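1. A predicted structure for the sequence below; I have some questions about it.
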Amino acid sequence: MENKSGMLMAERRGAVLLITLNRSDKRNALHPDLIAALNETLAATATDASLNVVVLTGAGSAFCAGLDLEHILTAPPEQKAARLESVLEIFRRLWTLPQPVIAAINGPAIAGGFDLAQFCDLRLCAPTAVFGQAEINLGLTQIMFPLYKIIGLSRAKELAMTGEVISAAEAYRIGLINHIYPADELIGEALRLAETLAAKPRAALFETKRLSRELIEMDTEAAFRRMNAAIQERLRSDEHQQTLNEYLARLKQRT
């Protein structure tokens, strides 16, 4: 399904939603219409009881080149501020979406494109992908959260302060990327992973994502209390009892 502007495609595959940034001629730079379409799609996804996992990728040879500089340079200050808020809302939605989000990074992920990737839960990429927080080169500051939680504060500072562009191999080495796949296998692998996640008990999957988001903000004791409460809740759930019964039934069949 394509949105009215044609800048975003959303394709349902069972319980998985494949979202594709569709401005390949502009390296999928975040045009205002693309920003609006992505926000709208993510908002609808959050309340869709039939969707369990999201895969986010880019059309053509790039994942996302960040904000569309042509529009940023020509916009008056108040429009720039509003546009920034809209982009930040995308990042908030990715971070707080109930469904896990897998980034399939098919090419360069620069500035705002880097941020799109870091706010996803899992990141897969092709060997041709490169990553950079280039904002400092334009006199801007970067979004270092949740990056420093993912790769550590020292490495996050280095990327932010230097604006260095790193390779897929380096991104994997520092823990930014989960897996690297050949370009022609990337989407297939991302969808396979998405289907694996989508087949898990839905409430437990969503709670795992929520816990992973909340725990990094807590001190040790608060984290242990929160984890205990979550596990206790899951132990009392019908979903847990059902999946446990199914598991025990499979065990009996093997004996």
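-> Done, it's in. Everything numeric in this text was worked out from a predicted model, so none of it was measured. Numbering: from 1, shown residues only.

2. Could I get the full set of strands for the chain?
-> Ranges of strands in the chain, per DSSP state E, are 8-13, 16-21, 53-58, 101-105, 109-110, 122-125, 130-132, 165-167, 179-180.

3. So for A65, which of those strands sits nearest?
-> The closest approach between A65 and any of these, judged by C-beta to C-beta, belongs to strand 109-110 at 5.3 Å. Backbone N, C-alpha and C define where each C-beta goes, glycine included.

4. closest to T220 out of the strands of the chain?
-> strand 122-125 (25.4 Å).

5. can you tell me which residues contact M161?
-> By C-beta atoms under 8 Å, 6 or more residues apart in numbering, the contact list for M161 reads I136.

6. Helices of the stretch 51-200 of the chain, start to end?
-> 69-74, 77-96, 112-118, 147-151, 153-162, 168-173, 186-198 (DSSP state H, counting those that start in this stretch).

7. would you turn the strands of the chain into CSV with mean pLDDT and mean neighbour count?
-> What follows is these, written out as CSV (pLDDT from 0 to 100; neighbours: other C-beta atoms under 10 Å):
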stretch, mean pLDDT, mean neighbour count
strand 8-13, 97, 16
strand 16-21, 98, 23
strand 53-58, 98, 26
strand 101-105, 98, 28
strand 109-110, 98, 28
strand 122-125, 98, 24
strand 130-132, 98, 21
strand 165-167, 98, 17
strand 179-180, 98, 16
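
8. among the helices of the stretch 51-200 of the chain, which is the most enclosed?
-> Of all these, helix 112-118 carries the top mean neighbour count, a mean of 27, counting by mean count of other C-beta atoms under 10 Å.

9. Tell me which residues are up against it.
-> Residues contacting helix 112-118 (C-beta under 8 Å, 6+ apart): 28, 30, 56, 58, 62-67, 87, 90-91, 94, 103, 105, 109, 123, 131-133, 143, 146-147, 150, 176.

10. Let's see that with 7 Å instead.
-> The contact list for helix 112-118 (C-beta atoms under 7 Å, 6 or more residues apart in numbering) reads 30, 56, 63-67, 87, 91, 103, 105, 109, 123, 131-133, 143, 146-147, 150.

11. repeat for stretch 223-232
-> 207, 211, 214-215, 218.

12. Over to stretch 11-28?
-> With C-beta under 7 Å, 6+ apart as the test, stretch 11-28 has contacts from 1, 6-10, 29, 31, 34, 41, 45, 50-60, 62-65, 68, 108, 191, 194-195, 198.

13. thinking again about what came up before, between the strands of the chain, which gets nearest to R236?
-> Set against R236 and scored by C-beta to C-beta, the strands of the chain come closest in strand 53-58, at 25.3 Å.

14. Sheet-wise, list the partners of that closest one with their directions.
-> The strands beside strand 53-58 in its sheet (DSSP bridges) come out as strand 16-21 (parallel), strand 101-105 (parallel).

15. Please work out the angle formed by the directions of the first one and helix 186-198.
-> The one in question is strand 16-21. Angle of strand 16-21 versus helix 186-198, following axes from the mean of the first three to the mean of the last three C-alpha atoms, to 10 degrees, is 140 degrees.

16. gap between strand 16-21 and the chain center?
-> On the basis of C-alpha atoms, centre = their mean, to the nearest Å, strand 16-21 sits 11 Å off its chain's mean C-alpha point.

17. re earlier: can the contacts of stretch 223-232 go into CSV with extra columns for neighbour count and distance to A117?
-> Formatted as CSV, those follow (neighbours: other C-beta atoms under 10 Å; distance: C-beta to C-beta, whole Å):
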residue, neighbour count, distance to A117
E207, 18, 24
L211, 16, 22
E214, 14, 21
L215, 15, 21
M218, 13, 25
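
18. how long is stretch 159-177 end to end?
-> Using C-alpha to C-alpha, to the nearest Å, one end of stretch 159-177 lies 15 Å from the other.
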